[in-house]
Each structure stands twice: as structure tokens, then as C-alpha cells.
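Trainee: the sequence and its predicted three-dimensional model are supplied below.
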Amino acid sequence: MRILGIPGSLRAGSLNTQLLRLAAEELPAGVELELYDVARLKDAVAEADAILVATPEFNGSIPGQLKNAFDWVSRPLGENPARGKPVAVIGASTSSFGGIWAQRELKKVLGILGARVLDVELPVAKADRRLADPDLELRAELAGVGDALVSAVGASARESVLV
């Protein structure tokens with residue numbers, strides 16, 4: 001199984017890119033997380049079984065380039081490769097809140113695109129410290145998000161067989 005990991009930040013040394021790399025380490029055997037940039041995003045979304053997005057929070061919302069990337073993926077509407085695709089949103093921030101507002105904003109955007117947004121949250125607060133020395137709790141939380149994506153892909157496969 002292949003999961004597409006999309007960091008919502010373009011910054012070198014992005015905490016959210018670090019978070020996705022750590023998430024990749026905690027996925028079950030046989031599951032690969034591929035980090036991707038927005039240049040070839042639409043094709044990558046179409047080819048992925050599921051999507052995991054790690055977003056920073058800018059002024060209580062998602063970064064403009066991440067919103068623009070998903071707006072671009074959604075057009076033309078009838079050919080939107082995110083439609084029905086399982087998506088989980090996580091985030092890292094140096095703040096005490098872990099980017100929770102951005103995660104909720106992005107879930108709204110993805111839902112409007114027609115993605116199957118999972119009801120999981122993982123705000124990583126004080127990420128500069130937590131990612132420097134990831135503890136077992138953070139690793140377990142990331143493993144839980146990965147398991148939820150794997151289950152959602154399995155559910156999608158079972159549903160398509162029934163149709």
C-alpha cells in the first residue's frame with residue numbers, strides 16, 4: 001500500500017516534513033509513505049491509495065500554498081483525483097496548540113473537494129522539542145493515524161467489491 005505524504009510547508013527544515021518522516025517510520029509493514037511536493041501533485045494524488053497531510057498553522061489557518069495546491073487538484077471538478085480518497089490531516093507547530101485550527105480548516109477544504117476525510121486529529125504542540133527527540137507517545141499516535149488510513153483504504157476496497 002502507498003500513502004502520499006504532503007507537507008504543507010515549503011520551508012527547508014519544516015517541522016511538518018519532519019513529522020511526516022517520523023510517521024513513515026511508524027507505518028505497518030508493507031505500507032510506504034512517499035513525501036511529495038506540489039509540482040506533480042495531481043498525478044500523485046490520483047496514484048495514491050490514501051493521503052496524509054501535515055500542515056503548519058499560519059494565523060489560525062492553513063498556508064496559502066497548500067490551499068492553492070488542493071484548489072488546483074480539484075479542477076476540473078469531474079476529474080478531481082481526491083474525490084472519495086481517504087485523507088488524514090496532522091500538524092506540527094511550535095505553539096501550545098499544535099496547529100489544531102489549521103488541521104480543522106484543511107479538513108473542511110478536503111471535504112468540500114470530496115475526499116473521505118478521516119475523523120482523526122494529531123496536533124503536535126511544541127514540535128521543535130517533540131520532534132527533536134520523539135517519545136513513544138508521539139510514535140504511538142502516528143502509528144494510530146497510519147492504521148486509520150490503512151483501515152480506510154481496506155474499507156474502500158471492500159465497498160468497491162460490493163458494488
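Mentor: Here it is on my side, so go on. Numbering: from 1, shown residues only.

Trainee: any idea of the mean pLDDT for the longest helix along the chain?
Mentor: Secondary structure assigned by DSSP state H gives helix 136-162 as the longest helix of the chain. On average, the pLDDT along helix 136-162 is 88.

Trainee: got the contact list for the helix or strand hosting Ile6?
Mentor: Taking DSSP states H and E as the criterion, Ile6 maps to strand 2-7. Contacts with strand 2-7, where a contact means CB atoms under 8 Å, 6 or more residues apart in numbering, come from 14, 16-17, 19-20, 23-24, 27, 31-36, 38, 41, 44-45, 47-54, 66, 69, 146, 149. Bear in mind the C-beta positions are built from the backbone N, C-alpha and C, glycine included.

Trainee: show me where the chain has strands.
Mentor: With DSSP state E as the criterion, the chain has strands at 2-7, 32-35, 50-54, 86-92, 116-117, 123-124.

Trainee: how about those in CSV, adding distance to Asp135, mean neighbour count and mean pLDDT?
Mentor: Converted to CSV, those look like this (distance: least, CB to CB, whole Å; neighbours: other CB atoms under 10 Å; pLDDT from 0 to 100):
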stretch, distance to Asp135, mean neighbour count, mean pLDDT
strand 2-7, 21, 22, 91
strand 32-35, 20, 16, 91
strand 50-54, 18, 28, 97
strand 86-92, 14, 27, 97
strand 116-117, 27, 20, 98
strand 123-124, 11, 24, 96
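
Trainee: for Arg104, which of those is the nearest?
Mentor: The closest of the strands of the chain to Arg104 is strand 86-92. By CB to CB, the value is 8.4 Å.

Trainee: now the closest one and helix 136-162, what's the angle there?
Mentor: Going by axes from the mean of the first three to the mean of the last three CA atoms, to 10 degrees, strand 86-92 is angled at 160 degrees with respect to helix 136-162.
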